[in-house]
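In: okay, sequence plus prediction incoming.
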Amino acid sequence: MAYNLQSGGKLRPVDLARGHGLSTQAVRNYEEAGILPAADRTVHGYRTYTPLHARALDAFLALVPGHGHRTATSVMRAVNEGATAEAFRLIDESHAQLLDDRRTLEAVEGALRDLGRPGPGATAASSAASASAAFTVTSASAGRFVGPLARELGIRPATLRKWERAGLVRPSRDPLTGYRVYGEADVRDAKLAHQLRRGGYPLARIAPVIEQVRSAGGLEPLEATLRDWRDRLSARGRSLLAGAAQLEAYLRAREERG
């Protein structure tokens, strides 16, 4: 969409909404959230927007796929408040998270590749044991309770209990207290579930992956999941680039306007 930023043209809320496939209420909500600069008002109190507001909306809608709604909102609010350094910090965090997720995927793929590479003379039992060890998280203690494990993963204890109901983790119970106790295999499964959830996978799709890791049943059932995860990361990286381009256009438009 081309905008003449020097024309001083006025846009009604409906013009801005239609140009972006939104409702007029959504445009008003975005303004109230700080995503758009404050609109001018007519003598009768009606909002009027400009091509600069359209640029802002372009930038926000382009940022959402890569950063998510919350971060995209925070970025736009920071820019509109003149806090560009904060906006860049938020953008850096999204890129850092994507890099971390890429490294996690590489680690998962590397460990799963080991499932199909038993050493010379290895038996089926030793191969299965090696596969299980690939995701083992070493711990100084024999087991962990729900609170410490949740803190280590950066999630709530309720999330671990939800994963247990979905079959992703299978903690035992302390015979004296009845508390859940997570052994090394449970920690391994919880960490893998956590990373797959960060990759955007629903619990129903994670359960078969973890079951395959438990049983060391081979790589083939996991390849489609890993390929899809890899494609998601690539799409997110492309979305970050698209968002950056639109945000740069908005920043330049603000500078030109003064």
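Out: It's in.

In: residue 187: which element?
Out: helix 184-198 (DSSP states H and E).

In: helices or strands up against that helix?
Out: helix 84-115, helix 146-153, helix 157-165, helix 203-215 (3 or more Cβ pairs under 8 Å, 6 or more residues apart in numbering; DSSP states H and E). (Each C-beta comes from the backbone N, C-alpha and C, glycine too.)

In: mean neighbour count and distance to residue 67 for these - can I get that in JSON lines?
Out: Formatted as JSON lines, the helices and strands packed on helix 184-198 follow (neighbours: other Cβ atoms under 10 Å; distance: least, Cβ to Cβ, whole Å):
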{"stretch": "helix 84-115", "mean neighbour count": "15", "distance to residue 67": "5"}
{"stretch": "helix 146-153", "mean neighbour count": "16", "distance to residue 67": "23"}
{"stretch": "helix 157-165", "mean neighbour count": "16", "distance to residue 67": "23"}
{"stretch": "helix 203-215", "mean neighbour count": "17", "distance to residue 67": "24"}
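
In: so which of those helices is nearest residue 12?
Out: helix 84-115 (28.2 Å; Cβ to Cβ).

In: show me what the closest one is packed up against.
Out: With contacts taken as 3+ Cβ pairs under 8 Å, 6+ apart, helix 84-115 sits against helix 51-67, helix 69-80, helix 124-134, helix 184-198, helix 220-257.

In: tabulate the ones you listed (JSON lines), appending mean neighbour count.
Out: Shown next, in JSON lines, are the helices and strands packed on helix 84-115 (neighbours: other Cβ atoms under 10 Å):
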{"stretch": "helix 51-67", "mean neighbour count": "23"}
{"stretch": "helix 69-80", "mean neighbour count": "19"}
{"stretch": "helix 124-134", "mean neighbour count": "15"}
{"stretch": "helix 184-198", "mean neighbour count": "21"}
{"stretch": "helix 220-257", "mean neighbour count": "15"}
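
In: for residue 45, phi and psi?
Out: phi 90, psi 10 (degrees, to the nearest 10).

In: ranking the helices and strands packed on helix 84-115 by mean pLDDT, which is last?
Out: Within these, confidence is poorest for helix 124-134, with a mean of 44 (mean pLDDT).

In: can you tell me how far the closest residue to residue 226 other than its chain neighbours sits from residue 38?
Out: Distances taken as Cβ to Cβ, 6 or more residues apart in numbering place residue 109 nearest to residue 226, at 5.8 Å, with adjacent residues excluded. Remark: distance between residue 109 and residue 38 (Cβ to Cβ, to the nearest Å) = 48 Å.
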